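Student: coords please:
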Amino acid sequence: MRVNKTIIAFIMSTAMLSACSSTEEKDQSILDGGTPNGTTDAYQNGMDISGEQFGSGADPRFSNPANPLSKQTIYFMYDSSQVQQEFIRVVAAHSQYLLGHPSEHIILEGHADERGSREYNIALGEQRAKSILRMMKVQGVSNNQVEVVSYGEEKPASNGMDEAAWQMNRRVEIVYQGR
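Tutor: Sure thing, here's the model as predicted:
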């Protein structure tokens with residue numbers, strides 16, 4: 001008997017999300033600016049790469065480093081498009097925000113480090129962005145709110161030639177666009 005991949009993805013996302021929090025009230029507290037139980041991502045401070053505030057105007061949830069909405073970059077392991085456990089809460093927070101703000105639109109920008117061919121890295125960046133998209137869709141986010149783009153290795157976050165630089169380049173950036 002073949003099981004629908006969508007159902008499997010939903011079950012897996014639900015299981016992972018339920019493992020991340022114990023109560024719905026605690027999750028809402030985090031979305032409203034409370035402190036999460038998880039770690040904060042040192043690379044994020046509520047600003048996009050250009051230094052502009054992202055998200056809906058001056059919403060304080062996007063500038064509070066303790067809030068998962070302030071993180072707009074999801075990092076990946078080498079040669080993988082699987083979302084790591086530590087970033088599931090971040091994806092869930094952005095999904096919930098989008099559900100509550102149907103006029104918001106995001107671009108999921110997939111990236112890869114320089115290892116591998118240009119074509120392979122474009123495909124890997126796209127797979128990474130689509131992994132985030134699938135998680136968001138399972139949580140109810142509309143296709144009209146999300147666009148997927150892959151830059152592969154073309155827009156590195158770090159130009160170094162070591163594991164630390166490559167790790168920063170294996171990412172998906174959540175970029176909010178005003179409508």
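Student: export the helix or strand containing residue 88 as CSV, just CAs?
Tutor: Element membership for residue 88 (DSSP states H and E) is helix 88-100. Extracted in CSV, the C-alpha atoms of helix 88-100 (Å, rounded to 0.1, in the frame of the first residue of the first chain):
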residue,chain,number,x,y,z
ILE,A,88,12.0,23.8,13.1
ARG,A,89,10.8,26.3,15.7
VAL,A,90,12.0,29.1,13.4
VAL,A,91,10.2,27.8,10.4
ALA,A,92,7.0,27.3,12.5
ALA,A,93,7.2,30.8,13.8
HIS,A,94,7.4,32.3,10.3
SER,A,95,4.6,30.0,9.2
GLN,A,96,2.4,31.2,12.0
TYR,A,97,3.2,34.8,11.3
LEU,A,98,2.4,34.3,7.6
LEU,A,99,-0.9,32.7,8.5
GLY,A,100,-1.8,35.7,10.6
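Student: Next SSE downstream of that helix?
Tutor: Counting by DSSP H and E, what follows helix 88-100 is strand 105-111.
Student: who touches the helix or strand just after that next one?
Tutor: Moving toward the C-terminus from strand 105-111, the next helix or strand (DSSP H and E) is helix 118-138. The contact list for helix 118-138 (CB atoms under 8 Å, 6 or more residues apart in numbering) reads 6, 9-10, 13-14, 74, 76, 79, 81-83, 88, 91-92, 94-95, 98, 108-114, 116, 143, 146, 148-153, 170-172, 174. For glycine as for every other residue, the C-beta is placed from the backbone atoms N, C-alpha and C.
Student: Buried among those residues? Make that a PyMOL selection.
Tutor: Buried residues within the contacts of helix 118-138, by 16 or more other CB atoms under 10 Å, are selected in PyMOL with:
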select buried, resi 10+13+74+76+81+83+88+91+92+94+95+98+108+109+110+111+112+113+116+146+148+150+151+152+153+170+171+172+174
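Student: number of nearby residues for residue 136?
Tutor: By other CB atoms under 10 Å, 25 other residues sit near residue 136.
Student: All the strands of the chain, residue numbers only.
Tutor: Assigned by DSSP state E, the chain shows strands spanning 73-75, 105-111, 146-152, 171-177.
Student: okay, the angle between the last one and helix 88-100?
Tutor: Here strand 171-177 runs at an angle of 20 degrees relative to helix 88-100 (axes from the mean of the first three to the mean of the last three CA atoms, to 10 degrees).
Student: Noted, bye for now.
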